[in-house]
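In: I'd like to go over a predicted model; first the sequence, then the structure.
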Amino acid sequence: MQTGAKSTIELNEEEKPSRRTQRVLPLNEVEVVSPDGRVKFIVGSNPERLNFKVTLDDTIVIEPSALHMIVDGYHLSSGVIFGGLETYNIDETYAWHGAHSTATNLCNGVKMLLTHDLSMTSYILEIRVFNDGIAYRHVVAGEAEDVRVPDEASEFILPAGSTIWFHGLEGHYEAEYAKEEVSNTLSGQWSGPPLTFQLPDNKGYGAITEANLVNYSGMALESDGRRGWVIGLAHRHPINYPYELRYGREEAKRLATPASVNGTVTTPWRVVLVARDLNTLVNCDIVHNLCPQADTRLFPQQVETPWVEPGLAVWDYLDRNYEPREGISPLDLMKRFSQMANEIDAKYHILEGFAYRWSDEEIREFVDYSNALGVRVMFWRHSNQLRTEESREQFFSRLHRLGVSGAKIDFFDHEAKENIDLYEELLRLAAEYELVLNFHGSNKPTGLIRTWPNAMIYEGIRGMESSGLMKRARHETILPFTRYLAGPADYTTMIFTERRRDSTWAHQIACLATFHSPMLTIAAHPQSVLDNPAVEVIKSIQAVWDETIVLPETRIGELTIFARRSGEKWILAVMSAGPAQKIQVPLSFLGEGTYKAVFVHDNMEDDGAVVVENITSERTETLAIELNSGGGFVGLFTK
């Protein structure tokens, strides 16, 4: 059946035998199929050890992999009694801030009713299958006073010959990506999701991650050395350098104990994105589809609620030496930054901790000045100063009283349940005060921007702050197909100094158009943007888009070609990891008619310069683009 209700035995209560060998009856496979019939999630027929596999047409995406759900030491996935199926489907669209402005949530769902024979624990294995992926979760009902300890060790076994892109946990989520053939991955290697893979023989792509992480510990993946990646909750994650640096080894040891859950245990959704091509992968909506919509009391228009408006942000941190700073007060310097933010059409200005040295009167003066320019102010804060209800109330009420629009909250550095709970508390209270949040030192997002549209951005990435990243061009051509699949990241994009390493100026501008986030922070000093010959093209770049097309010539870690649309305006953004090359790009994504075009090319003699060209273009044309090593190209097309 298209909804997946293929199973065998359902018994009335009076017919159920009491002896275990009589109760644990063979199951037929349970098959849940996507609405278009191409993607399948298949639960195996062995009640002694539940497993699943995922297919795309006739291609295996995930080989038969064991489910391991554990509660209070009981292995609920082994020795189960089948109690029947409930089927449903979802078909909806909603406004979104991301690669496109309308998200599509179309899936078939099944709830498998199961009982663990030894403990007699009843639970639900819930499955949803979309046209571009699958998701499953466990729901173990409980009373409010119940305190239980969940754990998981379910597998995702990839086909032999698959290529994977992953990063370890040494820097938490701020790491460089490795590329390997899956069979070469050593046992014990960890990966922070999403883990992206390409199937052998170019049969498609996938990515493993989680969605709707609430009241639970975060998930990472550990290699078993046999093509399998095993779920590991936060208490099993190896200690990472940022956490040990800021909180110490004793605190890390404390978090190595599995976290308890009160009442019903609902795991986050375990997600596998499935796509024939990179365009489908990048445009996938599954991660946020799996999260509840926002509370209409707090967000009456969901993501379109005016006070969570997306936009570019400026930040005085990475490019401080572009202009002299002597002889000007910090307050006047930040006013100048807000003025420049207005000139490059940025909506947000993020201030570091020095601003707390200002009096309330000075803060109000600065906020009023910035707001008059259409620039909203954000204040930084260390998360360890917001661990109590009282401290959060004091902080957010003060920001609200002074007209500050939100906060950049830093240094979480761990996916322990207590940190996941802290995110929720911060978002809830910030929403009451109509404040937006920018999470730094964070884990990957899990789609909760749908539930909390004020969660504008999660860092969770090795970004421009990392001065030691030498192969930046390669890194930036991997990220759209790895980290960004989980949701927006705060890379702090586009810079024209030596920090760009092996990438050209045109590559950096293209990066700004390729990385989308509701709050898209620019690393460059805003005056360096105003002084750039491509300033008008840069000012045309949006934080979020109406439509995104990833062109087929794109190759992960080598070349990205993105066409982005906002209204009738199109941006074509090309980034190369090298070497120097010439490419042909059809303009068939354009609408009918003639477009005014502004092209930003690599300067073939100078990586620290660009060539700007003004012409007209039509959709029947094919562009010939010459790229330096680590080069880029940006085309702005307007009617």
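Out: Sure thing, it's come through. On a predicted model such as this, the values are computed, not experimentally measured, just so you know.
In: Now do the same contact list for Trp315.
Out: Each residue near Trp315 by CB atoms under 8 Å, 6 or more residues apart in numbering is listed here: His349, Ile350, Thr492, Thr521, Ile522, Ala523. Heads up, the C-betas are built off the backbone N, CA and C, glycines and all.
In: again, 7 Å this time
Out: By CB atoms under 7 Å, 6 or more residues apart in numbering, the contact list for Trp315 reads Ile350, Thr492, Thr521.
In: and of those residues, the nearest to Val110?
Out: Val110 lies nearest to Thr521 out of the contacts of Trp315, by CB to CB, at 41.2 Å.
In: re the thing from before, so can I have JSON lines of the contacts of Trp315 showing pLDDT and secondary structure?
Out: Listed next are those as JSON lines, based on pLDDT from 0 to 100; DSSP: H, G, I helix; E, B strand; the rest coil:
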{"residue": "Ile350", "pLDDT": "98", "secondary structure": "strand"}
{"residue": "Thr492", "pLDDT": "98", "secondary structure": "coil"}
{"residue": "Thr521", "pLDDT": "98", "secondary structure": "strand"}
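In: Give the buried residues for the longest helix seen in the chain.
Out: Determined from DSSP state H, the single longest helix within the chain is helix 417-432. For helix 417-432, a neighbour-count test (16 or more other CB atoms under 10 Å) marks Lys417, Asn419, Ile420, Leu422, Tyr423, Glu424, Leu426, Leu427, Leu429, Ala430, Ala431 as buried.
In: Now do the fourth one against Asn215, distance only.
Out: Okay, so that is Leu422. Per CB to CB, to the nearest Å, Leu422 is found 12 Å from Asn215.
In: Kindly report the same for the first one.
Out: For Lys417, the distance to Asn215 under the criterion CB to CB works out to 7 Å.
In: quick revisit: let's see if you can find the most crowded of the contacts of Trp315.
Out: Thr521 (28 neighbours; other CB atoms under 10 Å).
In: I'd like to check which residues are in contact with that residue.
Out: Thr521 touches Ala313, Trp315, Ile350, Asp490, Thr492, Thr493, counting by CB under 7 Å, 6+ apart.
In: Show me the beta-bridge partners of Leu437.
Out: Ala407, Ala455 (DSSP bridges).
In: these two touch, right, it and Ile457?
Out: No. Between Leu437 and Ile457 there is no contact under CB atoms under 7 Å: 8.3 Å.
In: Those two: who's more crowded?
Out: More neighbours surround Ile457 than the other of Leu437 and Ile457, with 27 against 23 (other CB under 10 Å).
In: phi, psi of that one?
Out: phi -170, psi 140 (degrees, to the nearest 10).
In: Now do the contacts for it.
Out: Ile457 makes contact with Asn438, Phe439, Pro488, Asp490, Ser517, Pro518, Met519 under the criterion CB under 7 Å, 6+ apart.
In: which one of these sits closest to Val598?
Out: Nearest to Val598 among those: Ser517, at 23.9 Å, using CB to CB.
In: how would you label that closest one: helix, strand or coil?
Out: Three-state call for Ser517 (DSSP: H, G, I helix; E, B strand; the rest coil): coil.
In: Check Glu476 too.
Out: helix.
In: how many neighbours does it have?
Out: 30.
In: Tell me if I'm right that it and Met575 touch.
Out: Yes. In this structure, Glu476 is within contact of Met575 by CB under 7 Å, at 5.9 Å.
In: hey, what's in contact with both of the two?
Out: With CB under 7 Å, 6+ apart, Glu476 and Met575 have common neighbours Cys511.
In: Disregarding flanking residues, what is the spatial nearest neighbour of Gly567?
Out: With sequence-adjacent residues excluded and distances taken as CB to CB, 6 or more residues apart in numbering, Gly567 is closest to Asp546, at 6.7 Å.
In: if I pick the one you found, what's in contact with it?
Out: Shown in contact with Asp546 (CB under 7 Å, 6+ apart): His100, Ser101, Arg565, Ser566, Gly567.
In: Of those residues, which is the nearest to Asn240?
Out: Nearest to Asn240 among these, with distances taken as CB to CB, is His100, at 33.6 Å.
In: from what I can see the closest one touches Trp545, true?
Out: Yes. With contact defined as CB under 7 Å, His100 reaches Trp545; the gap is 6.4 Å.
In: higher neighbour count, the two?
Out: Per other CB under 10 Å, whichever of His100 and Trp545 has more neighbours is Trp545, with 23 against 20.
In: element containing the more buried one?
Out: For Trp545, there is no host helix or strand (DSSP states H and E).
In: If we ignore the residues flanking it in sequence, what's nearest it?
Out: Arg564 (4.6 Å).
In: Mind telling me what element Asp602 is part of?
Out: strand 595-603.
In: in that strand, what's buried?
Out: For strand 595-603, by 16+ other CB under 10 Å, it's Tyr595, Ala597, Val598, Phe599, Val600, His601, Asp602, Asn603.
In: Equivalent analysis for stretch 71-91, please.
Out: Using 16+ other CB under 10 Å as the test for burial, stretch 71-91 gives 71-72, 74-83, 85.
In: now stretch 90-102
Out: Tyr94, Trp96, His97, Gly98, Ala99, His100, Ser101.
In: Closest to Phe337 out of the residues you listed?
Out: His97 (24.5 Å).
In: what are the phi and psi angles of that closest one?
Out: phi -110, psi 100.
In: quick one: it and Val303 touch, right?
Out: Yes. With contacts counted by CB under 7 Å, His97 reaches Val303, the gap being 5.1 Å.
In: can you list residues touching both of those two?
Out: Counting by CB under 7 Å, 6+ apart, nothing touches both His97 and Val303.
In: Now do the helices in this structure.
Out: Secondary structure of the chain, counting by DSSP H: helices at 20-23, 241-247, 249-254, 278-282, 286-289, 330-343, 360-372, 389-402, 417-432, 472-478, 505-514, 526-530, 535-539.
In: Identify whichever of these lies nearest to Lys203.
Out: When the helices of the chain are compared (using CB to CB), the closest one is helix 278-282, at 13.1 Å.
In: any low-confidence regions in this protein?
Out: 1-26 (pLDDT under 70).
In: List the contacts of the spatially closest residue to Pro518 that is not a sequence neighbour.
Out: In space, and not counting its chain neighbours, Pro518 is closest to Pro310: 4.0 Å by CB to CB, 6+ apart. Applying CB under 7 Å, 6+ apart, we find Pro310 in contact with His97, Pro518, Met519, Ala543, Val544.
In: again, only this time at 6 Å
Out: His97, Pro518, Ala543, Val544 (CB atoms under 6 Å, 6 or more residues apart in numbering).
In: And Thr185, by the same measure?
Out: Ser223.
In: quick revisit: out of the contacts of Asp546, which comes closest to Glu210?
Out: Among the contacts of Asp546, and counting by CB to CB, the member closest to Glu210 is His100, at 22.2 Å.
In: shouldn't the closest one be in contact with Val550?
Out: No. The criterion here is CB atoms under 6 Å, and His100 misses it with Val550 at 11.9 Å.
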